[in-house]
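>>> Okay, predicted coordinates and the sequence, questions at the end:
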Amino acid sequence: MNIYNISIPRYSRRHNTIKMSIPTAKLKKPTLKVTPSSRAMNISTSGILRLNRSATYARSINASVSRKSFCLAADSKILEKSSVQTPKHTIQVLDENGKDVTPRPVYQPDPAAVQSKHSKIFASDTSGGTMSDFYSTTYQTTTNASFAGAFTRSLFGSGSVSIGSQSIMESMSEEIEDPSSKRDNSISLSDVQVKREEVKELIQEEMLDDMVDLYLVESDTLCLLDMPAISVSVDSMEAESVKERNSRYTELCKNRTGNDKYMGRSMQTFNGASKTKEVQSEAITMADAATIANNWDMYDSFCSAGQGEVDLSTDTDKASIAEMIHQNHGPTRTMERTMSVISSSTIVSSSSSRMEMEPFVVPSESKPDPELILQSEEFQQHLFVMERIILENIYQPKLAAYRQLPTLEDPDSMPKAVPMVVSRREESSLDEEGPPTPALERLWSFSCELTTGRNVSSMAWNKRNPDLLAVGYGQFAFKDQKPGLVCCWSLKNPSWPERIFTCQSGVTALDFSASSASMLAVGMHDGTIATYNVQSREKTPVIDSSDCVHKHTSPVWQVRWINHERALSGEDKGEALISVSADGRISKWFLRKGLDCIDLMKLKRTRNDRFKRQVGEKERKSEALISRQAPGLCFDFHPTDSNIYLAGTEEGHIHKCSCSYNEQFLETYQAHKGPLYRITWSPFCSDVFLSCSSDWTIQLWRQDLFTPVLGFMSTQRAVYDVMWSPKWATVFGAVNEGRMEIWDLGASILDPTIVNPASPGVKLTSLLFATETDCVLVGDSDGQVSVYQLKNFTAGEGTQVGTLEDIIGSTLASQL
Amino acid sequence: MAEVEETLKRIQTHKGVIGTIVVNAEGIPIRTTLDNSTTVQYAGLLHQLTMKARSTVRDIDPQNDLTFLRIRSKKHEIMVAPDKEYMLIVIQNPSE
């Protein structure tokens, strides 16, 4: 048991009423009982000791501390009583030297009033020991009560007071002081309010002019927080004592084991009684999910990640992915997608495939209209391709023959006999035995229901794509006119044309441009010239000459795209469209604010010179002519010199003209007695040209001779078309009304080598050689363009130019 | 629309064509010239085969895609034009 001298904190001195302690003699009896458990208490109290060491005067306050509050209360009562009894007398402040420095109160409170308050306070139950009670009880009492309160508070608050709470205690004590002191003030103030005010006034009036001495004294250091250290430095003063204490403690601990003073005791804890509890839940349904993450699946996800990133929401949480995983009702593809989500490691792709899933799921859920499918562009394209494939299956052997590929027989099908066209050779030839006779094999024919009944008037190959054929349908005769038709056929589809253009009048001439390969020039029976763009699907011509002032007024019998290499004065270099028409004009068309033409030549009627030579005879009165122009029926430009061209008229004359002179002919070749239907220069011999006319003959000319070198006649039918073979110089084909003939001058100059009669009732009207293969196309008046292959036919090695020239030379020689 | 109809008709009238089937994405036939059971059988089987073929093509090169599929057998040739929304099937006997 320790007795501590506790002094009042300094600021309590400021109060009007000073709490004074009981005379020390009396107070010594009740001692501060400190329970052993409150070790910290010791420290704390010692702390308080420390705090108050600097007090100039010491007061000894003995507070009795016990766990039981009533004890305290009793003590405090004792204290109160004693304090009440002798408020004045007992208060004694003694300083170090024993001098009585008891501060005198400024005013004397009314003891009667105070007492009543006291009693009132004491009447309250203090056994409970609440703080408020203690507050009230200790308002005027000694600080020990308040300290007791502080102690009790700490006791009540916690079993052991930690070191850190010392400050709390101090603050609490200070707190307690304050309210209590305040209460003191308030109570005392209330009692002596009037007096105090008077006193104040007195002071103010009297002491205004007086000098007041103010002493500034440094107050004690207030320690607000003091956390004593757990460890002390080796150099410090307490180190020794601390070390001693520590060693004592360790010794104590060591001595504990095996020491009689210490007895081991066992304890038993009771285990709670266990109880089994059963829980039953529904069976967890498991569903299998499987997918294959393909190469392309991942590629698709990554591709759409680049597109879908804009729409990505930033919070693609795991919940959404989990959603996708459990979406079992979607089609298998979505399953694959979700699993690929899992398989992929990045969140970007997972979220993007979530994005990608949505556009995919939607079309499968909303049933697409079957009509929409049927009308879609892709369906049309697929149908187109499918048709071609089907036809390829059908026509495969024929097309292979066309391309001069070996035809392989289908092993699953039965071989069937191919109809052969038998040819007859009238002349005993060198090759009677040995190689088989040359023949024509009909491969197929371009025709459809649109074209049946129409007359094939002209055919032309596309300059860039040799598999594309343009066929013009139109009647030759004036009386049978009906709207014309132009069909572009592709080799890949012999049953339906790729493009169909209907024209207002019969088509009589066609040509593809060489520079812009999709431009097709069409000449019609009413004199109109139109150009079509076969690449587009439009049915209307690109340009039409119907608005032109100088347009042809009669049927246009031939059109040709000619490439002028040498630019004539004032004209553009390049390709120009030249046309010849029955109104006797050869016109060149160009595009200048619309289609316009200039006349290259006006074909004038030439009187028969032979009549003139008959000297002496009076000139016959010339017949009344309808026009001074001779209808032109055909023309052909020189293969190398694009300035020179030949024109054939209805009179039967061939005029050699030049682009530079549009008034006069350079030459005139007269031999035919009927209208000329075709003139062609030989592609190999630049001096030689062929002409055919309705006078049943085909004439072979040389440029410098005014009489034909050779004439060919096989039947008494008008020859509608003649064409040199692009492969051999000595071969040409001719078509007359009843049959198609292939002439090989190297074999015979009197008879055609191959003759193919036409079907009965059908007239053959046009002929075209295929450029790269040994095939001939023949158009007839029924709208069919038949493709024939020349079989076992060869005119010899090379182009046979020499042979032709030899033939011509020998013929001329024989004529002389 | 008329062109499509025309072309379809033309295809059906070509030499050796046995049947034409147009199936939508779900496998329901939209247009067919064969009887129902055959149509359904063809549609179902060819759908799976087309998927496998497309998967094969794209696995090799993901930027590639299947455009046409032709199966030549002893008796017929089956031609399939696949698309995202539909499938066009034509069965032809080319050796007739």
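Everything's here; your move. Residues are numbered from 1 along each chain as shown, chains lettered A, B, ... in the order given.

>>> Give me the packing partners of the longest helix seen in chain B, helices and strands only.
Longest helix in chain B by number of residues (criterion: DSSP state H): helix B:36-60. Applying 3 or more C-beta pairs under 8 Å, 6 or more residues apart in numbering or on different chains; DSSP states H and E, one finds that helix B:36-60 contacts helix A:295-308, strand B:17-24, strand B:29-32, strand B:69-72, strand B:77-82, strand B:86-92. Heads up, the C-betas are built off the backbone N, CA and C, glycines and all.

>>> Format the ones you listed as a markdown table; extra columns: mean pLDDT, distance to residue A:541 and mean neighbour count.
A markdown table is the format used below for those (pLDDT from 0 to 100; distance: least, C-beta to C-beta, whole Å; neighbours: other C-beta atoms under 10 Å in any protein chain shown):
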| stretch | mean pLDDT | distance to residue A:541 | mean neighbour count |
| --- | --- | --- | --- |
| helix A:295-308 | 83 | 43 | 17 |
| strand B:17-24 | 91 | 35 | 21 |
| strand B:29-32 | 89 | 36 | 18 |
| strand B:69-72 | 93 | 39 | 14 |
| strand B:77-82 | 92 | 34 | 22 |
| strand B:86-92 | 92 | 34 | 24 |
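
>>> Dump the ones you listed into a markdown table; add distance to residue A:103 as well.
Compiled in a markdown table, the helices and strands packed on helix B:36-60 are given as follows (distance: least, C-beta to C-beta, whole Å):
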| stretch | distance to residue A:103 |
| --- | --- |
| helix A:295-308 | 89 |
| strand B:17-24 | 111 |
| strand B:29-32 | 116 |
| strand B:69-72 | 118 |
| strand B:77-82 | 113 |
| strand B:86-92 | 113 |
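
>>> before we move on, what SS does residue A:472 have?
State at residue A:472, reduced to three classes by DSSP: H, G, I helix; E, B strand; the rest coil: strand.

>>> need the residues of chain B near chain A, please.
Within chain B, the positions lying close to chain A (C-beta under 8 Å from any C-beta of the partner chain) are B:1, B:3-4, B:7-8, B:10-11, B:14-17, B:22, B:24-26, B:30-31, B:55, B:58-60, B:62-63, B:68, B:70, B:74-75, B:77, B:79, B:81, B:83-86, B:88, B:90, B:92, B:94-95.

>>> Swap in 6 Å and give it another go.
For chain B, the residues in contact with chain A (C-beta under 6 Å from any C-beta of the partner chain) are B:1, B:4, B:7, B:11, B:14-15, B:30, B:55, B:58-59, B:62, B:74, B:79, B:81, B:83, B:85-86, B:88, B:90, B:92, B:94-95.

>>> What does the pLDDT read for the closest residue to chain B within the stretch 551-700 of chain A?
Per C-beta to the nearest C-beta, residue A:559 is where the stretch 551-700 of chain A lies closest to chain B, at 29.9 Å. pLDDT for residue A:559: 90.

>>> Report the buried residues of the helix or strand hosting it.
According to DSSP states H and E, residue A:559 maps onto strand A:556-564. Within strand A:556-564, the residues scored as buried using 16 or more other C-beta atoms under 10 Å in any protein chain shown are A:556-562, A:564.

>>> Show me the two of these that sit farthest apart.
A:557 and A:564 (21.6 Å; C-beta to C-beta).

>>> Let me see the contact set for residue A:684.
A:729, A:799, A:801 (C-beta atoms under 6 Å, 6 or more residues apart in numbering or on different chains).

>>> what does residue A:488 give?
A:470, A:497-499, A:534.

>>> mind redoing it with 10 Å?
With contact set as C-beta atoms under 10 Å, 6 or more residues apart in numbering or on different chains, residue A:488 has these partners: A:460, A:462, A:468-471, A:497-501, A:512, A:518, A:520, A:532, A:534.

>>> For ChimeraX, what selects the buried ones among those?
To isolate the buried ones among the contacts of residue A:488 in ChimeraX, judged by 16+ other C-beta under 10 Å, type:
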select /A:460,462,468,469,470,471,497,499,501,512,518,520,532,534
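
>>> Please name the nearest non-neighbouring residue to residue A:808.
For residue A:808, ignoring the flanking residues on the chain, the nearest one in space by C-beta to C-beta, 6 or more residues apart in numbering or on different chains is residue A:709 at 5.3 Å.

>>> my bad, residue A:745
Distance criterion C-beta to C-beta, 6+ apart; nearest residue to residue A:745, sequence neighbours excluded, is residue A:730 at 4.2 Å.

>>> Let me know the distance separating that neighbour from residue A:640.
To residue A:640, residue A:730 is 20 Å away according to C-beta to C-beta, to the nearest Å.

>>> One more: residue A:541?
32 Å.
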